[in-house]
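>>> please find the sequence and the predicted model below.
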Amino acid sequence: MRVFDDRLDAPLGHLTDISVGGFQLDCQQPVKEDRAFQLRIEVPPELSAQPFMHFVARCKWCRVDPIDAHTYNVGFRIEEMTPEVSTVFKRMVEEFGSDTRPKTTDDYLWR
């Protein structure tokens, strides 16, 4: 699923992992750590009648992909979302997430 920077109305990256408290993107450009973003994610029609969901997330880390040096793996933590968006996000975690436990500081997403 594509993820967009809502302020710039520009693609930011593609969703590669998702959990209760955050997600990982693969991006073509590095992303500044500790920066909050207003984001928009395309939502599959089987998960929501709305084609997009909007929310705020903060970049927690950014590193070069170990396999593709032209791609950056970027970890985000959810900062703000409406209850309606939270419901859709939880459906996405159930459908696409590999682990539904909230990530902690010891998990890979926040290192």
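That came through, no problem.
>>> assign a three-state SS to E95, would you?
helix (DSSP: H, G, I helix; E, B strand; the rest coil).
>>> contacting residues for it?
L47 (Cβ atoms under 8 Å, 6 or more residues apart in numbering). Placement of C-beta: from N, CA and C, glycine included.
>>> repeat for R2
R2 neighbours (Cβ under 8 Å, 6+ apart): 11, 13-15, 41-42.
>>> next one: F89
Counted by Cβ under 8 Å, 6+ apart, F89 has contacts 53, 55, 78, 81.
>>> tell me which of the residues you listed fall in strands.
Among these, DSSP state E puts 53, 55, 78 in strands.
>>> most neighbours, which of the residues you listed?
Each of these was scored for neighbours by other Cβ atoms under 10 Å, and M53 scores highest at 21 neighbours.
>>> next, the residue nearest the centre of the chain: phi, psi?
Taking Cα atoms, centre = their mean, the centroid of the chain lies closest to F23, which sits 3.9 Å from it. The phi and psi values for F23, taken as degrees, to the nearest 10, are phi -160, psi 170.
>>> residue contacts, it?
F23 neighbours (Cβ under 8 Å, 6+ apart): 15, 17, 57, 75-76, 78, 109.
>>> likewise for G97?
17-20.
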